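1. Predicted coordinates and the sequence they were generated for:
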Amino acid sequence: SLGVLVLIIQCVLRIRQYPRAKDMLSGNLRIGLPLYAAAVIVWTIDNLFCKYLRGFRESIGWPFEHLTQLHAWWHVGVGGGTYMFCVFCGMVGQLDDQEPRPKIRWRNLAPGVSIPYVFRSSV
């Protein structure tokens, strides 16, 4: 939609405004934007092929039927993309203060699952 396009343009302008943090900021967009795009694709597939997916879901049964709930996967993708945008905004908000320099760390939640967060570094 137009709102997403405006957000993308604003993010690109912010990355140009802070060249010293270009890698960190663009890294967030490299994760967040594909999550949004995949969520929209999955949601569209769910809308177009809902009646076929229901039949397929019934044929495969529990527990795999839950993996075909594409609307739920849409929520996962949009939630992840939104979180990455929040991290992006947190980083931009702290870049105006020169010291200490903000950085991004990844917190491990479980094996193979981690989330980024913004923190202040004195180096």
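-> In hand now; what should we look at?

2. buried stuff in the helix or strand bottoming out on mean pLDDT in the chain?
-> In the chain, no helix or strand scores lower on mean pLDDT, DSSP states H and E than helix 50-60, which sits at a mean of 77. Residues of helix 50-60 classed as buried by neighbour count (16 or more other CB atoms under 10 Å): 53, 57. Using the backbone N, CA and C atoms, a C-beta is placed for each residue, glycine as well.

3. and the next element down the chain from it?
-> With elements assigned by DSSP states H and E, the helix or strand that comes after helix 50-60 is helix 70-95.

4. center of the protein, which residue is that?
-> In the chain, the C-alpha nearest the mean C-alpha coordinate belongs to Gly81, at 2.0 Å (CA atoms, centre = their mean).

5. contacting residues for that one?
-> Going by CB atoms under 8 Å, 6 or more residues apart in numbering, Gly81 touches 32-33, 35-36, 39.

6. Let me know the pLDDT of it.
-> Here the pLDDT value assigned to Gly81 is 89.
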